[in-house]
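Undergrad: sequence? don't have it. structure:
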Ligand SMILES: [Zn+2]
């Protein structure tokens, strides 16, 4: 009798857990992103098939962001799984430990955002570069109204904003991409990066933030941007790197990485060269500090078939661009 009661309790608990998993699974968007949240902070195994019995082929750390490629799948125990991409590995993850990210909006669910294309299918991809989002004027300031108009155009014309990690994985590791990817970046760490974030989230788009240590954003604001986008290296002091020796270059880069990782809890992997300035010693310092790619401050849409990982071109979106100029420079 006691055994029978226990069995009933076990079955009951199992049903509740499966129910909770199904509820979470329903929130994930194919082509969207999810965060790894486990109950013990140990991270998540990626498996070769959607089953606890399948081989472990990779892992994701607690707090990591993953791209949801497909799913849900149901295993033999009735638990839902998703095929996800971590930027380093692609495999099946149990849905119980995947939580939909805030800021993923319905506009990302359009059919064009399904991740089923390779770099060769895409050809060119624009990496947009912004600085100020305000009314200060000049080349490096775009007004909130301009940015809104541009983001609305991207969202309604089938573009999917991808992170720098997704871009890198697609370019150099054969990762899957949406049909019309675009990368949205804003430099320096001015307070108007928060305006940039607000406007992008309105259109269901994700931003990437190149932030200096000595910029205007507070620690908490940087942490917030890391929650809704990707925060990456722009050196400690916005240094003219080519004017420094290797030791200085390394310190400017490594100290900025440590600061940003402290604020966001996420790994910094990319640098935008301040002023678009670099030399081979700076590239060496960036690589030695653990970064894997660098972004220039000019150039047209990046050619996926001919990319130098340390000099990925970006498209400056200048303050005097109307919508017609905007669509022309991004190669639409
Ligand atoms: Zn800058």
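TA: Nice, thanks for sending it over. Owing to the predicted nature of the structure, the values given are computational and were not obtained by experimental measurement.

Undergrad: interface residues of the stretch 51-200 of the chain facing the ion?
TA: Residues of the stretch 51-200 of the chain lying near the ion by C-beta under 5 Å from the ion: 187-188. For every residue, glycine as well, the C-beta is placed using N, CA and C.

Undergrad: where exactly do the helices run in the stretch 51-200 of the chain?
TA: Listed in chain order, the helices of the stretch 51-200 of the chain (DSSP state H, counting those that start in this stretch) span 119-122, 144-156, 164-172, 193-202.

Undergrad: most packed of these?
TA: Highest mean neighbour count of the helices of the stretch 51-200 of the chain: helix 164-172, a mean of 23 (counted as mean count of other C-beta atoms under 10 Å).

Undergrad: For that helix, give the mean pLDDT please.
TA: Helix 164-172 comes out with an average pLDDT of 94.

Undergrad: ok, now stretch 125-137?
TA: Rounded mean pLDDT across stretch 125-137 is 97.

Undergrad: List the strands paired with the top strand by length along the chain, with their directions.
TA: Using DSSP state E, we find that the single longest strand of the chain is strand 65-74. According to DSSP bridges, strand 65-74 forms sheet pairs with strand 33-36 (antiparallel), strand 80-85 (antiparallel).

Undergrad: Quick one, which of these gets closest to residue 186.
TA: Comparing those against residue 186 with C-beta to C-beta, the closest turns out to be strand 33-36 (18.5 Å).

Undergrad: Tell me which residues of that closest one come out buried.
TA: 33-36 (16 or more other C-beta atoms under 10 Å).

Undergrad: immediately after that strand, which helix or strand?
TA: Toward the C-terminus, strand 33-36 is succeeded by strand 44-47 as the next helix or strand (DSSP states H and E).

Undergrad: Comparing the strands paired with strand 65-74 by mean pLDDT, which bottoms out?
TA: Comparing those on mean pLDDT, the least confident stretch is strand 33-36, scoring a mean of 77.

Undergrad: right, and the strands paired with strand 65-74 - which one's nearest residue 185?
TA: Here strand 33-36 is closest among the strands paired with strand 65-74 (C-beta to C-beta), at 16.8 Å.

Undergrad: tell me how far stretch 218-236 is from the chain's mean position?
TA: 12 Å (C-alpha atoms, centre = their mean, to the nearest Å).

Undergrad: Quick check: bridge partners of the nearest residue to residue 71 once chain neighbours are set aside?
TA: With C-beta to C-beta, 6 or more residues apart in numbering as the criterion, residue 71 has its nearest non-adjacent residue at 3.5 Å, and that residue is residue 82. When bridges are called by DSSP bridges, residue 82 pairs up with residue 93.

Undergrad: what number of residues lie near residue 82?
TA: Applying other C-beta atoms under 10 Å, we find 23 residues neighbouring residue 82.

Undergrad: From what I see, it and residue 74 are in contact.
TA: No - applying C-beta atoms under 8 Å, one finds residue 82 not in contact with residue 74, separated by 11.1 Å.

Undergrad: so how far is residue 140 from the residue nearest to residue 71?
TA: In this view, residue 82 and residue 140 are 40 Å apart by C-beta to C-beta, to the nearest Å.

Undergrad: Just put the strands paired with strand 65-74 in TSV and tack on distance to residue 254.
TA: Output for the strands paired with strand 65-74, formatted as TSV (distance: least, C-beta to C-beta, whole Å):
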stretch	distance to residue 254
strand 33-36	26
strand 80-85	28
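
Undergrad: rewinding a little: and the gap between the residue nearest to residue 71 and residue 65?
TA: Taken as C-beta to C-beta, the span from residue 82 to residue 65 is 13 Å.

Undergrad: what's the overlap in contacts for these two?
TA: residue 34 (C-beta atoms under 8 Å, 6 or more residues apart in numbering).

Undergrad: Give me the neighbour count for residue 325.
TA: By the criterion of other C-beta under 10 Å, residue 325 has 12 neighbours.

Undergrad: So it belongs to a helix, correct?
TA: Yes - checked against DSSP: H, G, I helix; E, B strand; the rest coil, residue 325 lies within a helix.

Undergrad: Let's see the pLDDT reported for it.
TA: 98.

Undergrad: try residue 304
TA: 87.

Undergrad: and if you look at residue 276?
TA: For residue 276, pLDDT reads 97.

Undergrad: Pull the contacting residues for it.
TA: By C-beta under 8 Å, 6+ apart, the neighbours of residue 276 are 296-298.
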